[in-house]
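A.B. asks: Quick one: sequence plus predicted model below, questions after.
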Amino acid sequence: MKFFKFLIIILFLSLITFPSIFAGKSDQFFSGNLTCEIFVDNIVWSVAGTKLNPNAHTYLNWTPGTACTPNPTTVGPKNCDIKSIGTFVRFINVGVTDSDGLCNQALTQIANRTESPLGSGGDWTNIRFSSCDNTIIAGGATLGPQWDCANYKAKNVCNVANSGFNDSFANYSVHLNAIFLNAKEAFVVDNFNINYSWCWTPIIFNANVSKESGAWGSNFTFRINVTNPTSNTTVKLWRRLAGQEWQQIGEEKYCNNCASTDLNWTINFNCTDIGDWEFKFNATDNAGYNTTAWASGITNECMDQDNNCIFSILKDDVNITHISGNQSTATSEIPAEFHLRAYDLSKGSYDISEILNVKFDVTNIGDIFQTVGNNNTNSSGNVLFYFNPSGFTSGTKKWKGYLDLSSCYNSYTSQNYSVSVSVNAAPTGTNEVVNGVTSGAIAGWGEVWNFSVNASDSDGDLFNVTLRINTGLGFVDVETKSCISDCSTLTKYNFNISNFLCANVTSSAQYKFYLIDSNLISSETTARTFQIEKDDILFENIFGNNTIANRTGNQTDLFIFRVKDLDNGNYFDSGKNVTFKTTFDTVNYDTGIINQTNSSGYVSYYFNPVCTPTKYAVGNQKLKGEIISDSCYKDTTSDILQFSLIGDILLSLIRPDGTRNYTQEEIISFLGATTDDCGDALTSTVIYNANLSAISGFVCNDTTQVGANAFTCDYSTTISSDEGWYNVTMFANASLHYNNFTIQKNNPGLFYLFPRYKLENPIGVPSSAGWGYPNRNLSVIASSGDVNQIINISLYLGQTVNPGVCSPSICINQTPISCDNCINSQKTWFRNFTSSNQGQWFYQFKMDDPSVTSTSGTTNYIDITKDSTNLSYGGQGNGTTVIYLSQGKNLSVRVYDFDKGSYNVTGPSATVTFKLLHDSYADDEKIIGSAITNSSGYADFYFNMSDCSYIDGLQKWVGEINSSEPNYGSNISENFTITLQTTGCEATVDASNVLVPSEAFQNNLFKANGTVNAWVSTSNDVYAILNSTEIGWTIFDQIKFLGAITVGSPVKVSWNVTPS
């Protein structure tokens, strides 16, 4: 009972699965100069001692699930070796007696690389133990699962360093043993997991930097621990921006026989290094090992604050200190000097590597700072600025310097210092504008320009404001206005200027205002730019829009514009050039014609479209007037005027040309060509009329273009087309061309259209049928386009090609044979045939027109065949009995003639063959006789069995018209039954179905075949002999011995015969 429970336990444990345990840096530890990491594999190693297997052994192989090297051929971490091994094991005593705890009843062993493989045939005596039952286990008790390395055994796996466990891909042999001494002592060993610690020489580890961020002017110290005893190690320091290439920094350093040796690099960076950097160390030794310590390494390399080997280089801090200028004085004549100096706090030096642009602010009204200027530092960090108090009121002001934009330094603002301002204020002008804007105004020289400025004198002195304008020859005083009272109040002064000339046109005109008070203290506003441009003009459309211009001859089309200066509102005087341009292809304009305005601003153009040297195409063309590149007026184009240019069509009618005539149903081909009035090919719509008279004819309008300008039209006349003389007219039209036509005629006409005679669709119905088919239909479709005479049609019929005419008494016409201008009129004849008329009959139809129109006399025929029949039961013989020599019976079938549609199968009668059907007859049948049909279709045969060549018993019979019947088609009746009684017959044999060729060639071998039948009972010792009536023929094996032939099993026999 305990043994059964033990089995259940084993099966259950075999289904247990364990989650994977992944190695990480948290699992690493140091062992002397080695870096180690513990890994765990899931295993299921089990063995159980049983009554059937009292000393149970299990042999396995184990390969570490995590390799110390990437693959068997790649050099990985240096000096990889497993330091210790342990298994997570469980021991079960399934008996009732306690174990002895002597490690001899349940155990696990693991062999090293050189000891493996061992297996069942190996000597496991001195192999290391990974576990065994060294503790007394009570009967029915379990020990574990627990981690075990068998440290209580001399040979264990608790420390296997340098013991042959250094191969990541070896198959280490494993042995499990459990005993079954009796029902009282039985053991089970289960290993669920195995752990192992890989150790290696790290070479370098614990990469670090002294600070994760700092100014570029400060020092960064990078450190790495080197542990690589007995080797010479070279170490390099690298850095990179994210996503970019690595760069070496500092010098490479060397370390010989190092153990926990600290190497460091102190690096000073530049302003250009500002950014976020990643760093790493790379080491190589004289043994060929190469390793990298960085954020993606296998050991705990990055020891900086965020453990990511990243550091940031920041801008330096700067200090701006006062040198001189505090409590200075600034007047209109003598500016104040402000002197500051910049100091690099991060480097602790006045050595400023970048030129700094320092801005200076001074307070004005309301104690509000305003920027008054800026200047750059020199190489020692000094910066000077000279403050002119123009625009400032008198009094003590604050000033300061500040740095706000620098690629290398952080922003900084100095302390506030004071300056004393003393001024006798000049009148000031503000908000100066031209045409509503400060600068950039654009207007024509002919317009009225407005200039304005807001002006005041803070001292209340009287002052003048003068507008000064520079159009290229320097500033010129244009107009002056005066303030004569309340001059401390800000007042707007307007200047309206309307005397600019065409000569003043410029894109860089300037204006400014000059202000001077009664004390001769003056100021001037900033010079502002504006643009004096050419005047705008307008073309007024007076005449010519939507007119028509004819190209043929010298026909002109008049166009008139009137031109106006929009800036001053005046029409042009005389003598101003205007260019008229017209399109010549509806898109592109010609080079133009220049005409001049008159004293009222009108300008006209008489346009004459020509063919050369520029051809003006027909269509909706355009005209425009232009003034281009004029010194006083902008380039201007008038509105586009539309006009239609119309051309003429020239016609050439080429065909028909009167050299031939036509017959009804022939194609009359028309050909003509069109050109325009310039003589160029013209695509047009062409229609041809053929006129028999003023009120009769036809139109051909389905034309096809040939080449550039030829047009064909093929008119298919019909048999209904009027016969007679015709003349031809050609009509043509084309878009934007005047319609035209031409006539081609002769006396009495250009061509004659003759009548057509036709015989079509000759047919014989049915095309193939028995001779008894009544009223065979022979028809043709007749047509005559001749309205002047009547045409007759005849049928020709015979058994040879090109037959003769069929007598009206034999071929009976069913329709009139005359054709009086008939169209598609069917003409029909009936013809009946007899059995002697079998074969092909050729037929032909002919007209008695002048050319004797006819159908083919060789391809049209009908087939007269045997009549088709059907055989049915005649009312006698089915289910009857015939007795040898004593009782005969009538067998009767009835024949129906399908072609005649009648049972009267006479004239002539059909021959019907009667057969017995049984699988014991040769070829399964036996002919018993024949009979002919009577006028009611019956064929009666009296069957009296007068010999013994029949099969006794029930069989079938049929009536058949076979293929040898000359007048009726083959057919066979259904099967009927009959019983034959052969009582009184004696055994006999006969020959049947003797087959020989219908002809033979001299000295050429042929075969003669036959069938030998036995009747009544088996015939023994049967011989077959072939005789020939021909002398000299050679019959090979003339006598054939056939042996015994049984009834119903006919024997086929053949001979080879050579005729002489």
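C.D. replies: Nice, I can see it. In this text, all values refer to a predicted model and were calculated from it rather than measured experimentally.

A.B. asks: For this structure, which residue occupies the most central location?
C.D. replies: Residue closest to the mean C-alpha point of the chain, counted by C-alpha atoms, centre = their mean, is G243 at 35.2 Å.

A.B. asks: Let me see the ranges of the strands in the stretch 851-1000 of the chain.
C.D. replies: Assigned by DSSP state E, counting those that start in this stretch, the stretch 851-1000 of the chain shows strands spanning 861-865, 869-873, 880-883, 889-897, 911-917, 925-932, 938-943, 953-961, 971-972, 976-981, 988-995.

A.B. asks: can I get these in JSON lines with distance to V801, mean pLDDT and mean neighbour count?
C.D. replies: For glycine as for every other residue, the C-beta is placed from the backbone atoms N, C-alpha and C. Shown next, in JSON lines, are those (distance: least, C-beta to C-beta, whole Å; pLDDT from 0 to 100; neighbours: other C-beta atoms under 10 Å):
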{"stretch": "strand 861-865", "distance to V801": "9", "mean pLDDT": "97", "mean neighbour count": "19"}
{"stretch": "strand 869-873", "distance to V801": "32", "mean pLDDT": "97", "mean neighbour count": "18"}
{"stretch": "strand 880-883", "distance to V801": "55", "mean pLDDT": "96", "mean neighbour count": "16"}
{"stretch": "strand 889-897", "distance to V801": "31", "mean pLDDT": "97", "mean neighbour count": "23"}
{"stretch": "strand 911-917", "distance to V801": "34", "mean pLDDT": "97", "mean neighbour count": "21"}
{"stretch": "strand 925-932", "distance to V801": "37", "mean pLDDT": "95", "mean neighbour count": "17"}
{"stretch": "strand 938-943", "distance to V801": "40", "mean pLDDT": "97", "mean neighbour count": "19"}
{"stretch": "strand 953-961", "distance to V801": "33", "mean pLDDT": "97", "mean neighbour count": "20"}
{"stretch": "strand 971-972", "distance to V801": "33", "mean pLDDT": "97", "mean neighbour count": "18"}
{"stretch": "strand 976-981", "distance to V801": "48", "mean pLDDT": "96", "mean neighbour count": "17"}
{"stretch": "strand 988-995", "distance to V801": "40", "mean pLDDT": "78", "mean neighbour count": "14"}
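
A.B. asks: want to throw those into CSV with distance to A1044?
C.D. replies: Shown next, in CSV, are the strands of the stretch 851-1000 of the chain (distance: least, C-beta to C-beta, whole Å):
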stretch, distance to A1044
strand 861-865, 49
strand 869-873, 39
strand 880-883, 28
strand 889-897, 33
strand 911-917, 24
strand 925-932, 22
strand 938-943, 30
strand 953-961, 21
strand 971-972, 35
strand 976-981, 23
strand 988-995, 11
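
A.B. asks: Which one of those strands lies nearest to S522?
C.D. replies: Using C-beta to C-beta as the criterion, the shortest distance between S522 and the strands of the stretch 851-1000 of the chain is 132.5 Å, found for strand 861-865.

A.B. asks: That closest one pairs with which strands?
C.D. replies: Strand pairing for strand 861-865, using DSSP bridges, gives strand 768-770 (parallel), strand 839-847 (antiparallel).

A.B. asks: Make sure K956 is actually in contact with T977.
C.D. replies: Yes - the criterion here is C-beta atoms under 8 Å, and K956 meets it with T977 at 5.9 Å.

A.B. asks: Just name the shakiest helix or strand of this protein by mean pLDDT.
C.D. replies: Across the helices and strands of the chain, mean pLDDT, DSSP states H and E gives its lowest value to helix 2-13, namely a mean of 30.

A.B. asks: which of the residues in stretch 514-526 are buried?
C.D. replies: For stretch 514-526, burial by neighbour count (16 or more other C-beta atoms under 10 Å) applies to 514-517, 521, 523, 525.

A.B. asks: could you dump that stretch to CSV, C-alpha only?
C.D. replies: As requested, the backbone C-alpha atoms of stretch 514-526 are provided in CSV (Å, rounded to 0.1, in the frame of the first residue of the first chain):
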residue,chain,number,x,y,z
TYR,A,514,14.5,119.3,-37.7
LEU,A,515,13.5,121.0,-34.5
ILE,A,516,15.2,124.2,-33.1
ASP,A,517,14.0,126.3,-30.1
SER,A,518,14.4,130.0,-29.4
ASN,A,519,17.7,129.2,-27.5
LEU,A,520,19.0,127.6,-30.7
ILE,A,521,19.0,124.2,-29.0
SER,A,522,18.0,121.7,-31.7
SER,A,523,17.2,118.1,-32.3
GLU,A,524,16.5,115.9,-35.2
THR,A,525,14.4,112.9,-35.6
THR,A,526,15.8,109.7,-37.1
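
A.B. asks: State the mean pLDDT of it.
C.D. replies: Rounded to a whole number, the mean pLDDT of stretch 514-526 is 92.

A.B. asks: between the strands of the stretch 851-1000 of the chain, which gets nearest to A690?
C.D. replies: Closest to A690 of those is strand 861-865 (C-beta to C-beta; 42.6 Å).

A.B. asks: can you list contacts of the closest one?
C.D. replies: Contacts of strand 861-865 from elsewhere in the structure, counted by C-beta atoms under 8 Å, 6 or more residues apart in numbering, are 764, 766-771, 776, 778, 833, 837-843, 969.

A.B. asks: from the residues you listed, which would you call buried?
C.D. replies: Looking at the contacts of strand 861-865 with 16+ other C-beta under 10 Å, the buried ones turn out to be 764, 769-771, 776, 778, 833, 838, 841-843, 969.

A.B. asks: V912 reaches L871, doesn't it?
C.D. replies: Yes - here V912 lies in contact with L871, judged by C-beta under 8 Å, at a distance of 7.2 Å.

A.B. asks: joint contacts of those two?
C.D. replies: Listed as contacting both V912 and L871 by C-beta under 8 Å, 6+ apart are 893, 895, 959-961.

A.B. asks: Which one of those is nearest to F30?
C.D. replies: For the shared contacts of V912 and L871, the closest approach to F30 (C-beta to C-beta) belongs to E960, at 115.3 Å.

A.B. asks: Return the residues in contact with that closest one.
C.D. replies: Residues in contact with E960 (C-beta under 8 Å, 6+ apart) are 871, 912-915, 970-973.

A.B. asks: ok, which pair from the residues you listed is furthest apart?
C.D. replies: Maximum pairwise distance in the contacts of E960, criterion C-beta to C-beta, is 15.0 Å, between F914 and S970.

A.B. asks: Can you give me the pLDDT of L52?
C.D. replies: pLDDT for L52: 85.

A.B. asks: Touching, G959 and T913? I think so.
C.D. replies: Yes - with contact defined as C-beta under 8 Å, G959 and T913 form a contacting pair (7.3 Å).

A.B. asks: who touches both of the two?
C.D. replies: In the contact map built from C-beta under 8 Å, 6+ apart, no residue is linked to both G959 and T913.

A.B. asks: Give me the distance between the two termini of stretch 42-55.
C.D. replies: 26 Å (C-alpha to C-alpha, to the nearest Å).

A.B. asks: and it, which residues are buried?
C.D. replies: Of the residues in stretch 42-55, those with enough neighbours to count as buried (16+ other C-beta under 10 Å) are 43, 45-50.

A.B. asks: so N431 is in which element?
C.D. replies: When secondary structure is defined using DSSP states H and E, the element that contains N431 is strand 428-434.

A.B. asks: Sheet partners, orientation included, of the helix or strand that comes right after that strand?
C.D. replies: The first helix or strand that comes after strand 428-434 along the chain, using DSSP H and E, is strand 441-444. For strand 441-444, sheet partners with direction are given as strand 528-533 (parallel), following DSSP bridges.

A.B. asks: Report the distance from the partner strand to the chain centre.
C.D. replies: With C-alpha atoms, centre = their mean, to the nearest Å as the basis, the distance from the averaged C-alpha position of strand 528-533 to the chain average is 59 Å.
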